[in-house]
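**Student:** please work out how this folds:
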Amino acid sequence: MKISNNKFSNEEVVLDFHEYNTCEFTNCRFVVLGFGPFALNQCEVKNCEFTFAGPAASVIQTMSTIYNIGDQGKNLIEGTFEQIRKAGGGNPG
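**Tutor:** The predicted model follows:
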């Protein structure tokens with residue numbers, strides 16, 4: 001679903017399957033479930049937080065477990081973060 005030029009304030013916003021364009025978010029709680037893609041294009045984000053639930057939370061927990069099993073796990077997760085940094089795709093805000 002595409003949403004453009006809206007203002008959101010003090011609310012929970014589920015991101016999955018949504019594309020937000022030139023929207024403004026203030027004091028919102030973004031929820032990433034991990035069921036589908038989302039985009040925040042040219043949006044202004046003020047004092048918001050991201051939370052993960054469902055499959056997305058499971059991936060975060062899995063990555064945490066792998067990171068903490070030793071040097072090999074730590075290197076795998078750090079390598080994943082490096083790939084994310086290099087990709088630079090998307091607009092986080």
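**Student:** tally up the residues packed near residue 20, please.
**Tutor:** The burial count assigned to residue 20 is 25, neighbours taken as other CB atoms under 10 Å. Backbone N, C-alpha and C define where each C-beta goes, glycine included.
**Student:** now do the contacts for it.
**Tutor:** 3, 4, 6, 38, 39, 40, 41, 43 (CB atoms under 8 Å, 6 or more residues apart in numbering).
**Student:** residue 61 now?
**Tutor:** Residue 61 touches nothing, counting by CB under 8 Å, 6+ apart.
**Student:** can you give me the buried ones in the helix or strand hosting it?
**Tutor:** Here residue 61 sits within helix 54-67, counting by DSSP states H and E. Residues of helix 54-67 classed as buried by neighbour count (16 or more other CB atoms under 10 Å): 56, 67.
**Student:** equivalent analysis for stretch 68-83, please.
**Tutor:** residue 77.
**Student:** surely residue 48 is in contact with residue 26?
**Tutor:** Yes: using CB atoms under 8 Å, residue 48 is in contact with residue 26, at 7.4 Å.
**Student:** what strand or helix carries residue 75?
**Tutor:** Going by DSSP H and E, residue 75 is in helix 71-87.
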